[in-house]
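J.: kindly generate the corresponding structure for this input.
(chains A and B)
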There are 2 protein chains.
Amino acid sequence: MAAADVERLIRQLAKLPGLGPRSARRVALHMIQQKETVMRPLAEALAETAESVGVCSQCGNIDTTDPCEICTDPRRDVTSICVVEQVGDLWALERASAFRGRYHVLGGVLSALDGITPEDLNIENLIPRAASGAVSEIILATNATVDGQTTAHYLTERLEGCNVAITRLARGVPVGGELDYLDDGTLITALASRKEL
Amino acid sequence: MAAADVERLIRQLAKLPGLGPRSARRVALHMIQQKETVMRPLAEALAETAESVGVCSQCGNIDTTDPCEICTDPRRDVTSICVVEQVGDLWALERASAFRGRYHVLGGVLSALDGITPEDLNIENLIPRAASGAVSEIILATNATVDGQTTAHYLTERLEGCNVAITRLARGVPVGGELDYLDDGTLITALASRKEL
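T.: The predicted structure is shown next:
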(Lines give C-alpha, C1' and ligand atoms only; values in the text may rest on other atoms or scores of the structure.)
Protein backbone atom coordinates (compact mmCIF):
# COMPACT_ATOMS: atom_id res chain seq x y z
CA MET A 1 0.00 0.00 0.00
CA ALA A 2 0.96 3.61 0.33
CA ALA A 3 3.62 4.82 2.75
CA ALA A 4 2.74 5.02 6.47
CA ASP A 5 2.62 8.84 6.39
CA VAL A 6 0.16 8.76 3.51
CA GLU A 7 -1.96 6.08 5.17
CA ARG A 8 -2.20 8.17 8.33
CA LEU A 9 -3.17 11.24 6.31
CA ILE A 10 -5.87 9.26 4.50
CA ARG A 11 -7.25 7.95 7.81
CA GLN A 12 -7.48 11.48 9.18
CA LEU A 13 -9.12 12.85 6.03
CA ALA A 14 -11.63 9.99 5.99
CA LYS A 15 -12.97 11.11 9.38
CA LEU A 16 -14.01 14.55 8.08
CA PRO A 17 -17.74 15.04 7.44
CA GLY A 18 -18.73 14.09 3.90
CA LEU A 19 -15.50 12.22 3.17
CA GLY A 20 -15.15 8.44 3.18
CA PRO A 21 -12.11 6.20 2.69
CA ARG A 22 -12.35 6.42 -1.11
CA SER A 23 -12.71 10.20 -1.40
CA ALA A 24 -10.05 10.65 1.30
CA ARG A 25 -7.60 8.68 -0.87
CA ARG A 26 -8.50 10.82 -3.86
CA VAL A 27 -8.00 14.03 -1.88
CA ALA A 28 -4.69 12.78 -0.42
CA LEU A 29 -3.38 11.85 -3.86
CA HIS A 30 -4.46 15.18 -5.31
CA MET A 31 -2.66 17.03 -2.54
CA ILE A 32 0.53 14.95 -2.76
CA GLN A 33 0.69 15.57 -6.49
CA GLN A 34 0.34 19.29 -5.93
CA LYS A 35 2.49 19.54 -2.87
CA GLU A 36 3.64 23.15 -3.18
CA THR A 37 0.42 24.70 -4.48
CA VAL A 38 -2.16 22.75 -2.45
CA MET A 39 -0.71 20.65 0.35
CA ARG A 40 1.72 23.03 2.08
CA PRO A 41 -0.62 26.08 1.86
CA LEU A 42 -3.44 24.00 3.36
CA ALA A 43 -1.20 22.73 6.16
CA GLU A 44 -0.27 26.32 6.94
CA ALA A 45 -3.86 27.57 6.74
CA LEU A 46 -4.97 24.83 9.14
CA ALA A 47 -2.19 25.52 11.62
CA GLU A 48 -2.73 29.28 11.49
CA THR A 49 -6.50 29.02 11.80
CA ALA A 50 -6.19 26.60 14.72
CA GLU A 51 -3.95 29.19 16.37
CA SER A 52 -6.03 32.30 15.64
CA VAL A 53 -9.65 31.21 15.84
CA GLY A 54 -11.70 30.85 18.99
CA VAL A 55 -15.26 30.89 20.31
CA CYS A 56 -16.84 34.26 21.17
CA SER A 57 -17.60 34.25 24.90
CA GLN A 58 -20.68 36.41 24.32
CA CYS A 59 -22.54 34.78 21.45
CA GLY A 60 -20.73 31.50 20.68
CA ASN A 61 -19.69 32.58 17.16
CA ILE A 62 -16.28 31.58 15.80
CA ASP A 63 -13.83 34.41 15.19
CA THR A 64 -10.25 35.55 15.65
CA THR A 65 -11.30 38.07 18.28
CA ASP A 66 -13.29 37.68 21.51
CA PRO A 67 -15.89 39.19 21.59
CA CYS A 68 -16.38 38.49 17.90
CA GLU A 69 -16.62 41.02 15.10
CA ILE A 70 -20.42 40.84 15.06
CA CYS A 71 -20.74 41.42 18.81
CA THR A 72 -18.41 44.44 18.66
CA ASP A 73 -19.73 45.99 15.41
CA PRO A 74 -21.31 49.34 16.48
CA ARG A 75 -23.37 49.49 13.26
CA ARG A 76 -25.31 46.38 14.24
CA ASP A 77 -28.62 46.58 16.05
CA VAL A 78 -28.12 45.73 19.75
CA THR A 79 -31.84 45.44 20.46
CA SER A 80 -32.41 42.09 18.72
CA ILE A 81 -30.72 38.72 19.17
CA CYS A 82 -31.16 35.90 16.70
CA VAL A 83 -30.77 32.48 18.37
CA VAL A 84 -29.39 29.77 16.05
CA GLU A 85 -28.39 26.15 16.57
CA GLN A 86 -24.97 26.15 14.96
CA VAL A 87 -22.30 28.55 13.70
CA GLY A 88 -23.13 27.29 10.20
CA ASP A 89 -26.65 28.70 10.59
CA LEU A 90 -25.18 32.07 11.60
CA TRP A 91 -22.99 31.99 8.49
CA ALA A 92 -26.01 31.21 6.31
CA LEU A 93 -27.95 34.20 7.68
CA GLU A 94 -24.87 36.42 7.24
CA ARG A 95 -24.37 35.24 3.64
CA ALA A 96 -27.96 36.20 2.91
CA SER A 97 -27.44 39.57 4.69
CA ALA A 98 -30.78 38.66 6.24
CA PHE A 99 -30.23 40.09 9.70
CA ARG A 100 -28.44 43.14 11.13
CA GLY A 101 -28.74 42.42 14.83
CA ARG A 102 -26.61 40.12 16.96
CA TYR A 103 -26.60 36.36 17.36
CA HIS A 104 -26.57 33.69 19.99
CA VAL A 105 -25.26 30.25 19.01
CA LEU A 106 -26.68 27.39 21.08
CA GLY A 107 -24.18 24.81 19.86
CA GLY A 108 -26.88 22.22 19.22
CA VAL A 109 -30.48 21.39 20.09
CA LEU A 110 -32.21 19.61 22.92
CA SER A 111 -32.60 15.94 22.06
CA ALA A 112 -33.95 13.24 24.32
CA LEU A 113 -32.69 10.63 21.86
CA ASP A 114 -29.10 11.89 21.88
CA GLY A 115 -29.24 12.81 25.57
CA ILE A 116 -28.67 16.53 24.95
CA THR A 117 -29.98 18.51 27.94
CA PRO A 118 -30.16 22.29 28.47
CA GLU A 119 -26.84 22.08 30.37
CA ASP A 120 -25.10 20.89 27.19
CA LEU A 121 -26.17 23.99 25.27
CA ASN A 122 -25.08 27.62 25.48
CA ILE A 123 -28.34 28.67 27.16
CA GLU A 124 -27.26 30.03 30.56
CA ASN A 125 -25.45 32.84 28.74
CA LEU A 126 -28.57 33.79 26.82
CA ILE A 127 -30.79 34.62 29.80
CA PRO A 128 -28.68 37.54 31.17
CA ARG A 129 -28.23 38.85 27.61
CA ALA A 130 -31.99 38.85 27.10
CA ALA A 131 -32.64 40.38 30.55
CA SER A 132 -30.01 43.12 30.21
CA GLY A 133 -32.63 45.70 29.21
CA ALA A 134 -30.90 46.60 25.95
CA VAL A 135 -32.61 43.79 24.06
CA SER A 136 -36.21 44.08 22.93
CA GLU A 137 -36.59 41.03 20.65
CA ILE A 138 -35.29 37.46 20.64
CA ILE A 139 -35.74 35.68 17.30
CA LEU A 140 -35.70 31.90 17.73
CA ALA A 141 -34.17 30.70 14.45
CA THR A 142 -33.71 27.04 15.35
CA ASN A 143 -34.36 24.57 12.53
CA ALA A 144 -37.93 23.61 11.65
CA THR A 145 -37.28 20.07 12.90
CA VAL A 146 -38.81 18.33 15.91
CA ASP A 147 -35.69 18.91 18.04
CA GLY A 148 -35.37 22.50 16.81
CA GLN A 149 -38.97 23.23 17.79
CA THR A 150 -38.64 21.52 21.15
CA THR A 151 -35.65 23.74 21.85
CA ALA A 152 -37.56 26.84 20.76
CA HIS A 153 -40.41 25.95 23.14
CA TYR A 154 -38.00 25.38 25.98
CA LEU A 155 -36.31 28.74 25.31
CA THR A 156 -39.68 30.51 25.21
CA GLU A 157 -40.38 29.22 28.72
CA ARG A 158 -36.92 30.12 30.00
CA LEU A 159 -37.14 33.65 28.56
CA GLU A 160 -40.46 34.37 30.27
CA GLY A 161 -40.09 37.36 32.54
CA CYS A 162 -37.19 38.80 30.56
CA ASN A 163 -39.53 41.44 29.12
CA VAL A 164 -38.57 40.78 25.48
CA ALA A 165 -40.66 39.95 22.42
CA ILE A 166 -40.01 36.35 21.38
CA THR A 167 -40.51 35.59 17.68
CA ARG A 168 -39.72 32.76 15.31
CA LEU A 169 -39.01 32.52 11.57
CA ALA A 170 -42.04 32.35 9.25
CA ARG A 171 -43.13 28.97 7.90
CA GLY A 172 -44.32 28.53 4.33
CA VAL A 173 -43.47 27.80 0.74
CA PRO A 174 -39.74 28.42 0.12
CA VAL A 175 -38.87 30.95 -2.60
CA GLY A 176 -38.79 29.07 -5.92
CA GLY A 177 -40.67 26.17 -4.34
CA GLU A 178 -43.20 24.22 -6.41
CA LEU A 179 -46.30 23.06 -4.57
CA ASP A 180 -46.20 19.67 -6.27
CA TYR A 181 -42.84 18.88 -4.67
CA LEU A 182 -43.54 20.21 -1.17
CA ASP A 183 -44.32 17.98 1.78
CA ASP A 184 -47.77 17.96 3.40
CA GLY A 185 -46.58 19.67 6.57
CA THR A 186 -45.26 22.69 4.67
CA LEU A 187 -48.42 22.94 2.57
CA ILE A 188 -50.68 22.79 5.63
CA THR A 189 -48.60 25.42 7.46
CA ALA A 190 -48.40 27.68 4.40
CA LEU A 191 -52.18 27.54 3.94
CA ALA A 192 -52.93 28.09 7.62
CA SER A 193 -50.55 31.08 7.76
CA ARG A 194 -51.80 32.62 4.50
CA LYS A 195 -51.54 36.39 4.16
CA GLU A 196 -53.89 38.91 2.65
CA LEU A 197 -52.53 40.64 -0.47
CA MET B 1 -19.24 36.32 7.43
CA ALA B 2 -16.56 34.25 9.05
CA ALA B 3 -13.10 35.57 9.94
CA ALA B 4 -10.57 36.06 7.11
CA ASP B 5 -8.51 33.04 8.23
CA VAL B 6 -11.57 30.82 8.15
CA GLU B 7 -12.64 32.17 4.75
CA ARG B 8 -9.21 31.41 3.31
CA LEU B 9 -9.30 27.90 4.77
CA ILE B 10 -12.75 27.31 3.26
CA ARG B 11 -11.56 28.53 -0.16
CA GLN B 12 -8.62 26.13 -0.07
CA LEU B 13 -10.76 23.19 1.05
CA ALA B 14 -13.34 23.92 -1.66
CA LYS B 15 -10.68 23.34 -4.33
CA LEU B 16 -10.05 19.74 -3.26
CA PRO B 17 -11.60 17.05 -5.46
CA GLY B 18 -15.12 16.11 -4.35
CA LEU B 19 -15.55 19.15 -2.11
CA GLY B 20 -17.58 22.23 -3.03
CA PRO B 21 -18.11 25.52 -1.17
CA ARG B 22 -20.86 24.06 1.00
CA SER B 23 -19.06 20.89 2.05
CA ALA B 24 -15.84 22.89 2.54
CA ARG B 25 -17.68 25.11 5.04
CA ARG B 26 -19.00 22.05 6.83
CA VAL B 27 -15.52 20.50 7.01
CA ALA B 28 -13.94 23.78 8.20
CA LEU B 29 -16.54 24.18 10.93
CA HIS B 30 -16.11 20.58 12.04
CA MET B 31 -12.36 21.07 12.26
CA ILE B 32 -12.55 24.38 14.13
CA GLN B 33 -14.90 22.87 16.67
CA GLN B 34 -12.49 19.99 17.23
CA LYS B 35 -9.30 21.95 17.04
CA GLU B 36 -7.05 19.77 19.19
CA THR B 37 -8.29 16.37 18.08
CA VAL B 38 -8.84 17.03 14.35
CA MET B 39 -7.44 20.31 13.08
CA ARG B 40 -3.94 20.38 14.56
CA PRO B 41 -3.22 16.68 13.93
CA LEU B 42 -4.32 17.10 10.30
CA ALA B 43 -2.15 20.21 9.87
CA GLU B 44 0.81 18.25 11.19
CA ALA B 45 0.07 15.20 9.05
CA LEU B 46 -0.13 17.40 5.95
CA ALA B 47 3.11 19.23 6.71
CA GLU B 48 4.95 16.01 7.55
CA THR B 49 3.68 14.15 4.50
CA ALA B 50 4.55 17.08 2.24
CA GLU B 51 8.07 16.86 3.69
CA SER B 52 8.54 13.11 3.57
CA VAL B 53 6.76 11.93 0.43
CA GLY B 54 8.15 12.03 -3.09
CA VAL B 55 7.85 10.36 -6.47
CA CYS B 56 9.84 7.18 -7.14
CA SER B 57 12.30 7.91 -9.96
CA GLN B 58 11.99 4.35 -11.24
CA CYS B 59 8.25 3.65 -11.36
CA GLY B 60 6.50 6.94 -10.58
CA ASN B 61 4.88 5.60 -7.37
CA ILE B 62 4.55 7.87 -4.34
CA ASP B 63 6.60 6.91 -1.28
CA THR B 64 8.87 8.21 1.45
CA THR B 65 11.88 6.48 -0.14
CA ASP B 66 13.30 6.67 -3.66
CA PRO B 67 13.29 4.10 -5.20
CA CYS B 68 9.99 3.20 -3.56
CA GLU B 69 9.27 0.23 -1.30
CA ILE B 70 7.77 -1.80 -4.13
CA CYS B 71 10.75 -1.23 -6.44
CA THR B 72 13.20 -2.29 -3.72
CA ASP B 73 11.21 -5.22 -2.27
CA PRO B 74 13.31 -8.33 -3.05
CA ARG B 75 10.27 -10.62 -2.61
CA ARG B 76 8.52 -9.05 -5.59
CA ASP B 77 8.76 -10.51 -9.06
CA VAL B 78 11.19 -8.44 -11.15
CA THR B 79 10.20 -10.09 -14.42
CA SER B 80 6.83 -8.38 -14.83
CA ILE B 81 5.84 -4.71 -14.87
CA CYS B 82 2.24 -3.56 -14.57
CA VAL B 83 1.69 -0.22 -16.33
CA VAL B 84 -1.05 1.92 -14.73
CA GLU B 85 -2.37 5.41 -15.41
CA GLN B 86 -2.30 6.85 -11.91
CA VAL B 87 -0.91 6.14 -8.45
CA GLY B 88 -4.51 5.54 -7.35
CA ASP B 89 -4.69 2.59 -9.77
CA LEU B 90 -1.51 1.16 -8.26
CA TRP B 91 -3.05 1.51 -4.78
CA ALA B 92 -6.21 -0.28 -5.98
CA LEU B 93 -4.20 -3.25 -7.31
CA GLU B 94 -2.14 -3.35 -4.11
CA ARG B 95 -5.26 -3.27 -1.93
CA ALA B 96 -6.58 -6.27 -3.85
CA SER B 97 -3.17 -8.00 -3.51
CA ALA B 98 -3.74 -8.71 -7.19
CA PHE B 99 -0.17 -8.41 -8.43
CA ARG B 100 3.23 -9.30 -7.00
CA GLY B 101 5.47 -7.76 -9.68
CA ARG B 102 6.51 -4.13 -10.08
CA TYR B 103 4.67 -1.13 -11.44
CA HIS B 104 5.10 1.74 -13.82
CA VAL B 105 2.89 4.81 -13.31
CA LEU B 106 2.29 6.84 -16.46
CA GLY B 107 0.82 9.84 -14.66
CA GLY B 108 -2.11 10.11 -17.07
CA VAL B 109 -3.27 8.97 -20.51
CA LEU B 110 -2.84 10.25 -24.03
CA SER B 111 -5.71 12.56 -24.89
CA ALA B 112 -6.07 14.56 -28.08
CA LEU B 113 -8.91 16.49 -26.44
CA ASP B 114 -6.87 17.57 -23.42
CA GLY B 115 -3.68 17.95 -25.48
CA ILE B 116 -1.80 15.23 -23.54
CA THR B 117 1.04 13.90 -25.72
CA PRO B 118 3.53 11.07 -25.01
CA GLU B 119 6.04 13.69 -23.79
CA ASP B 120 3.65 14.60 -20.95
CA LEU B 121 3.61 11.03 -19.64
CA ASN B 122 6.23 8.94 -17.84
CA ILE B 123 6.88 6.81 -20.97
CA GLU B 124 10.56 7.42 -21.79
CA ASN B 125 11.46 5.75 -18.48
CA LEU B 126 9.45 2.65 -19.35
CA ILE B 127 11.33 1.69 -22.54
CA PRO B 128 14.75 1.08 -20.90
CA ARG B 129 13.03 -0.77 -18.04
CA ALA B 130 11.29 -3.05 -20.53
CA ALA B 131 14.45 -3.55 -22.60
CA SER B 132 16.73 -4.25 -19.61
CA GLY B 133 16.54 -8.02 -20.19
CA ALA B 134 15.26 -8.73 -16.67
CA VAL B 135 11.65 -8.14 -17.65
CA SER B 136 9.65 -10.75 -19.54
CA GLU B 137 6.12 -9.33 -19.39
CA ILE B 138 4.54 -5.88 -19.52
CA ILE B 139 0.90 -5.79 -18.38
CA LEU B 140 -0.91 -2.75 -19.76
CA ALA B 141 -3.45 -1.99 -17.02
CA THR B 142 -4.71 1.34 -18.33
CA ASN B 143 -8.44 1.99 -17.89
CA ALA B 144 -10.94 0.42 -20.29
CA THR B 145 -11.79 3.90 -21.63
CA VAL B 146 -11.11 5.28 -25.11
CA ASP B 147 -8.08 7.28 -23.89
CA GLY B 148 -6.83 4.33 -21.83
CA GLN B 149 -7.00 2.04 -24.85
CA THR B 150 -5.36 4.60 -27.16
CA THR B 151 -2.51 4.82 -24.66
CA ALA B 152 -2.25 1.02 -24.50
CA HIS B 153 -2.03 0.82 -28.30
CA TYR B 154 0.62 3.50 -28.40
CA LEU B 155 2.64 1.68 -25.73
CA THR B 156 2.35 -1.62 -27.62
CA GLU B 157 3.96 0.05 -30.64
CA ARG B 158 6.66 1.73 -28.58
CA LEU B 159 7.51 -1.54 -26.80
CA GLU B 160 7.99 -3.47 -30.05
CA GLY B 161 11.51 -4.84 -30.24
CA CYS B 162 11.91 -4.90 -26.46
CA ASN B 163 11.48 -8.67 -26.53
CA VAL B 164 8.81 -8.76 -23.84
CA ALA B 165 5.32 -10.25 -23.79
CA ILE B 166 2.73 -7.47 -23.80
CA THR B 167 -0.60 -8.31 -22.17
CA ARG B 168 -3.68 -6.43 -21.04
CA LEU B 169 -6.31 -7.02 -18.32
CA ALA B 170 -9.23 -9.31 -19.23
CA ARG B 171 -12.55 -7.75 -20.24
CA GLY B 172 -15.88 -9.19 -19.17
CA VAL B 173 -18.64 -9.26 -16.63
CA PRO B 174 -17.35 -7.83 -13.30
CA VAL B 175 -17.62 -10.11 -10.25
CA GLY B 176 -21.10 -9.66 -8.78
CA GLY B 177 -22.28 -8.00 -12.00
CA GLU B 178 -25.84 -8.57 -13.23
CA LEU B 179 -26.28 -8.88 -16.97
CA ASP B 180 -29.42 -6.75 -16.91
CA TYR B 181 -27.46 -3.75 -15.63
CA LEU B 182 -24.37 -4.08 -17.83
CA ASP B 183 -23.75 -1.90 -20.88
CA ASP B 184 -23.81 -3.37 -24.39
CA GLY B 185 -20.05 -3.02 -24.89
CA THR B 186 -19.28 -5.16 -21.85
CA LEU B 187 -21.85 -7.79 -22.85
CA ILE B 188 -20.48 -8.03 -26.42
CA THR B 189 -16.89 -8.30 -25.15
CA ALA B 190 -17.82 -10.84 -22.50
CA LEU B 191 -19.62 -13.02 -25.05
CA ALA B 192 -16.84 -12.74 -27.64
CA SER B 193 -14.19 -13.65 -25.03
CA ARG B 194 -16.17 -16.53 -23.55
CA LYS B 195 -14.22 -19.41 -22.02
CA GLU B 196 -14.81 -23.11 -22.08
CA LEU B 197 -15.65 -24.65 -18.71
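
J.: show me where chain A has helices.
T.: A:4-14, A:21-33, A:40-52, A:69-72, A:87-95, A:126-131, A:146-158, A:184-192 (DSSP state H).

J.: if we go by neighbour counts, what in the last one is buried?
T.: Right, helix A:184-192. A:186, A:189-190 (16 or more other Cβ atoms under 10 Å in any protein chain shown). Bear in mind the C-beta positions are built from the backbone N, C-alpha and C, glycine included.

J.: out of the helices of chain A, nearest to B:Pro174?
T.: helix A:21-33 (16.8 Å; Cβ to Cβ).

J.: show me how chain A divides into domains.
T.: When chain A is parsed with automatic domain parsing, its domains come out as A:4-52, A:62-196.

J.: avg pLDDT for the last one?
T.: Spelled out, that is domain A:62-196. For domain A:62-196, the mean per-residue pLDDT is 92.

J.: straight-line length of that domain, end to end?
T.: With Cα to Cα, to the nearest Å as the measure, domain A:62-196 spans 41 Å from end to end.

J.: quick one: contacts for the residue positioned nearest the centre of chain A?
T.: Most central in chain A under Cα atoms, centre = their mean is A:Gln86, positioned 2.3 Å from the mean C-alpha point. Shown in contact with A:Gln86 (Cβ atoms under 8 Å, 6 or more residues apart in numbering or on different chains): A:105-108, B:29.

J.: switch those residues over to a markdown table; also include neighbour count and distance to B:Leu13.
T.: Compiled in a markdown table, those are given as follows (neighbours: other Cβ atoms under 10 Å in any protein chain shown; distance: Cβ to Cβ, whole Å):
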| residue | neighbour count | distance to B:Leu13 |
| --- | --- | --- |
| A:Val105 | 25 | 21 |
| A:Leu106 | 25 | 25 |
| A:Gly107 | 16 | 22 |
| A:Gly108 | 16 | 23 |
| B:Leu29 | 19 | 11 |
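
J.: using CSV, lay out the residues you listed together with distance to B:Gly176.
T.: Formatted as CSV, the contacts of A:Gln86 follow (distance: Cβ to Cβ, whole Å):
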residue, distance to B:Gly176
A:Val105, 47
A:Leu106, 46
A:Gly107, 44
A:Gly108, 41
B:Leu29, 38
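
J.: which one of these sits closest to B:Ala134?
T.: B:Leu29 (53.4 Å).

J.: show me what contacts that closest one?
T.: Counting by Cβ under 8 Å, 6+ apart, the residues that B:Leu29 touches are A:62, A:86-88.

J.: now the buried members of those.
T.: A:62, A:86-88.

J.: nearest to B:Arg8 among the residues you listed?
T.: The closest of those, once distances to B:Arg8 are taken by Cβ to Cβ, is A:Ile62, at 14.0 Å.

J.: so what's the residue count around A:Val6?
T.: Residues lying near A:Val6 (other Cβ atoms under 10 Å in any protein chain shown) number 24.

J.: quick check: it touching B:Thr49?
T.: Yes: using Cβ atoms under 8 Å, A:Val6 is in contact with B:Thr49, at 6.1 Å.

J.: any common contacting residues for those two?
T.: A:Ile32.

J.: and A:Pro2, what pLDDT?
T.: Pro isn't right for residue A:2; it's Ala. 67.

J.: and the closest residue to A:Arg75 other than its chain neighbours, how far is that from chain B?
T.: The shortest distance from A:Arg75 to any non-neighbouring residue, by Cβ to Cβ, 6 or more residues apart in numbering or on different chains, is to A:Arg100 (7.9 Å). The span separating A:Arg100 from chain B equals 14 Å under the rule Cβ to the nearest Cβ, to the nearest Å.

J.: quick one: residues contacting A:Arg100.
T.: A:75-77.
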